[in-house]
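Novice: Here you go, sequence then predicted model.
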Amino acid sequence: MALQKKHERNGTVRWIGRSSSDPTTSVDRGANLSERAYQLIRSEILFYQLPPGCRVSEASLTARFGLRQAAVRSALLRLMQEGLIDRTDERSPRVAPLTLKDVRDIYGLRALVEPHAAALAAETGVAADGIERLREISCSHYELRNHQEFVTFLRANREFNIRVAGASGNARLVEAIAHLQDLTLRVLYVGIRSLDVSDWFKEIHLQIVDAIETGNGARASELWTTDLRYGERLICDALLHLPELSEVNLASASVAPPPVASKRIQPRQ
């Protein structure tokens, strides 16, 4: 607790707890509540507990998380700026829908920056403990229909990608990739929640780690591009068959599948 001085009549000084009405304390507490609300709601959106297109309101979210309405309002404004909450009419806001165009846009950007980051990481070099951690993450797996295991798996995938980006030595590149990784969490949840891709994840990521460890930037970039194409195809296929998207107009988005990646990537010679 913060302290303030209280002067007694005899000239002595006694320290007392700062009043809860102190403006600084109130601002800090409000900021913490707003951040908590933001993280909670954002996590629910990214991991599909608030599915695309569902209506939300300050009152419903306040009751759901036991937070103050002002904190929820602040969180919703931030999420609108990120594009995760959409308010295009006079009704309550809704979780932004997912479309094929969203997937193509996200993966198109990822294809521009992430293979390059992998190549830079290989050329710059990763310490032995970093390589060991990447291999450990590559062995992540999950059981179908187990939400928590799936969330853990998706977080591991994000960590792998962020760690490789961090090894590139380009802070701006890492920042851009981190944002794309957050957007990818939601589309991955939709795309592979009913598929077991643990073996693919393990196989191709271990090969990426080998390429980085041996300094083969071209190989790391090639493998990363293959992985992205495979993931994009899975997610686009899943979106086309989602019952909750049956009323979404996808006609304006190209539905031609990206090049099909080989199920097995041959190890480098």
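Specialist: Structure received. Because the structure is predicted, anything quoted here is derived from the model rather than measured.
Novice: Pull the residues that contact stretch 48-59.
Specialist: Defining contact as C-beta atoms under 8 Å, 6 or more residues apart in numbering, one finds that stretch 48-59 is touched by 41, 43-44, 69, 72-73, 76, 85, 91-98, 186, 189-190, 193, 244-245, 248. From N, CA and C alone the C-beta is placed, and that goes for glycine too.
Novice: Those in helices, which ones?
Specialist: If you go by DSSP state H, these have I41, S43, E44, Q69, V72, R73, L76, R186, Y189, V190 in helices.
Novice: before we move on, the earlier item: now list the buried members of the contacts of stretch 48-59.
Specialist: Neighbour-count burial (16 or more other C-beta atoms under 10 Å) applied to those gives 41, 44, 72, 76, 85, 93-98, 186, 189-190, 193, 245, 248.
Novice: E213 is in contact with A127, isn't it?
Specialist: No: counting by C-beta atoms under 8 Å, E213 stays clear of A127, with 10.4 Å between them.
Novice: Neighbour count: the two, which is higher?
Specialist: E213 (17 against 9; other C-beta atoms under 10 Å).
Novice: The nearest residue to L228 once chain neighbours are set aside and S221, how far apart?
Specialist: The shortest distance from L228 to any non-neighbouring residue, by C-beta to C-beta, 6 or more residues apart in numbering, is to A111 (5.3 Å). A111 is 10 Å from S221, where distance means C-beta to C-beta, to the nearest Å.
Novice: Between the two, which is the more surrounded one?
Specialist: Counting neighbours by other C-beta under 10 Å for A111 and for S221 shows that S221 has the greater number, 21 against 16.
Novice: which ones are touching that one?
Specialist: By C-beta under 8 Å, 6+ apart, S221 lies in contact with P115, H116, A118, A119.
Novice: Any idea how many residues pack against the third one?
Specialist: Right, the one you point to is A118. By the measure other C-beta under 10 Å, the count of residues near A118 is 28.
Novice: Point me to the helix or strand that includes it.
Specialist: Using DSSP states H and E, A118 sits within helix 100-124.
Novice: Name the residues of the helix or strand that that helix is followed by that come out as buried.
Specialist: Under the assignment DSSP H and E, the closest C-terminal helix or strand after helix 100-124 is helix 128-138. Using 16+ other C-beta under 10 Å as the test for burial, helix 128-138 gives G130, I131, R133, L134, R135, I137, S138.
Novice: can you check stretch 140-152 too?
Specialist: By 16+ other C-beta under 10 Å, the buried positions in stretch 140-152 come out as S140, Y142, F150, V151.
Novice: which among those residues gets closest to R36?
Specialist: R36 lies nearest to V151 out of those, by C-beta to C-beta, at 18.4 Å.
Novice: which ones are touching the residue lying closest to the closest one once chain neighbours are set aside?
Specialist: Excluding the flanking residues, the one nearest V151 by C-beta to C-beta, 6+ apart is F47, at 5.3 Å. Contacts for F47 (C-beta under 8 Å, 6+ apart) come out as H147, V151, L154, L185, R186, Y189.
Novice: what about the fourth one, neighbour count?
Specialist: L185 is surrounded by 19 other residues when neighbours are defined as other C-beta under 10 Å.
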